[in-house]
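> Predicted model, plus sequence, below.
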Amino acid sequence: MIYKNFQGERLSALGLGCMRLPVLEGNDARIDETAAKEMVDFAMAQGINYYDTAWGYHEGNSELVIGRALASYPRETFFLATKFPGYDLSNMDKVEEIFEKQLEKCGVEYFESCVIHGITWYNSKK
């Protein structure tokens, strides 16, 4: 694995995005958790330490599944990024509430990165 120095941390140049995890019966909300865990285990074994999820991925289930998949690894062995659902402007007065729920869903005390997801000119015109 190639690693990059990121603010004094060894971050894998390749990460695992969790927007398109394997699903059951073609239903995006029903993640095949066994297969997803196998993917994470394989990624970790190959030295991947960066995982990227978001509030809206898999109808809200990506954070839950990736959190459970990473739970067997010491927290200091991976970097976890998520995204706040900024594409829905009605969420803007719930930033802290949603962020706390994201931490809970992922089963972690912190994220290395949290991005405001999908704010566009179009959203402001709704």
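Yep, it's here.

> Out of the helices and strands in this protein, which is least certain?
Scoring the helices and strands of the chain by mean pLDDT, DSSP states H and E places helix 121-124 at the bottom, with a mean of 59.

> Would you map the helices across this protein?
All helices of the chain, identified by DSSP state H, fall at 33-45, 62-70, 95-106, 121-124.

> Can you pull out the low-pLDDT segments for this structure?
Judged by pLDDT under 70, the chain has its weakly predicted residues at 118-126.

> Spatially central residue in it, please.
Residue closest to the average C-alpha location in the chain (CA atoms, centre = their mean): Thr53, at 1.8 Å.

> Could I get the contacting residues of Gly107?
Going by CB atoms under 8 Å, 6 or more residues apart in numbering, Gly107 touches Gly67, Arg68, Leu70, Ala71. The way it works is simple: take the backbone N, C-alpha and C, and place the C-beta from them, glycine included.

> these two touch, right, the third one and Tyr51?
Same thing as Leu70. Yes. Contact criterion CB atoms under 8 Å: Leu70 and Tyr51 qualify, at 6.6 Å.

> Show me the common contact partners of the two, please.
Val40, Phe78, Leu80.

> Nearest to Met1 among these?
Phe78 (12.9 Å; CB to CB).

> Just the CA atoms of stretch 11-21, as CSV, please.
The C-alpha trace of stretch 11-21 is given here as CSV (Å, rounded to 0.1, in the frame of the first residue of the first chain):
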residue,chain,number,x,y,z
LEU,A,11,-3.1,7.7,5.3
SER,A,12,-3.6,5.1,2.7
ALA,A,13,-3.6,6.5,-0.9
LEU,A,14,-6.5,4.2,-1.6
GLY,A,15,-9.7,4.3,0.4
LEU,A,16,-12.9,2.3,0.6
GLY,A,17,-16.0,4.3,-0.4
CYS,A,18,-19.2,3.0,1.1
MET,A,19,-21.8,4.5,-1.3
ARG,A,20,-22.2,1.3,-3.2
LEU,A,21,-21.9,-1.6,-0.8
